[in-house]
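Peer 1: coordinates only, sequence not included:
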């Protein structure tokens with residue numbers, strides 16, 4: 001049998017004032033959108049909501065799928081969604097050292113190119129999801 005892929009889900013939770021929910025990861029200090037690996041027994045929507053809630057305390061729901069991203073080095077396919085907050089209050093978890101609502105102008109300075117492009121794709125979404133490949137840090141042509 002061939003290699004298996006892992007599927008992750010993450011979301012750009014966009015507030016009414018345009019700010020985006022971001023986390024600083026406990027394990028590597030990187031700024032990212034909240035998300036993580038989809039469990040075998042959960043739907044995409046349930047996994048997305050769980051990951052956002054676990055990492056930030058925020059209750060969110062997907063509005064649209066804005067991109068599909070594959071890490072060619074490790075075989076992770078990430079589904080990225082634009083989301084809206086439906087409840088909750090910002091809270092830290094074992095996985096996060098900071099939870100912050102950032103400005104769109106801060107995305108590229110705070111995040112790696114492969115994470116920044118996901119958020120920027122979500123913010124500029126016009127009805128067709130982006131499909132991109134990367135090596136874990138940089139986008140591939």
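Peer 2: Great, that's in hand. This structure is a prediction, so every number in the text was calculated from the model and none was measured.

Peer 1: How confident is the prediction for the nearest residue to residue 51 once chain neighbours are set aside, by pLDDT?
Peer 2: The shortest distance from residue 51 to any residue other than its chain neighbours is 4.3 Å, reached at residue 36 (CB to CB, 6 or more residues apart in numbering). Any C-beta I mention is one placed from the backbone N, CA and C, and that applies to glycine too. We have a pLDDT of 96 for residue 36.

Peer 1: again, but for residue 1
Peer 2: 61.

Peer 1: Next, count neighbours for the nearest residue to residue 113 once chain neighbours are set aside.
Peer 2: Nearest-residue entry for residue 113: residue 138, 5.6 Å, with adjacent residues in sequence omitted and distances by CB to CB, 6+ apart. With neighbours defined by other CB atoms under 10 Å, the count for residue 138 comes to 9.

Peer 1: And residue 138, how far from residue 48?
Peer 2: Residue 138 sits 25 Å away from residue 48, taking CB to CB, to the nearest Å as the criterion.

Peer 1: Any stretches of the chain with poor pLDDT?
Peer 2: With pLDDT under 70 as the threshold, the chain has low-confidence stretches at 1.

Peer 1: show me where it has helices.
Peer 2: 44-56, 107-110, 113-123 (DSSP state H).

Peer 1: can you redo those as JSON lines with mean neighbour count?
Peer 2: Output for the helices of the chain, formatted as JSON lines (neighbours: other CB atoms under 10 Å):
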{"stretch": "helix 44-56", "mean neighbour count": "20"}
{"stretch": "helix 107-110", "mean neighbour count": "15"}
{"stretch": "helix 113-123", "mean neighbour count": "21"}
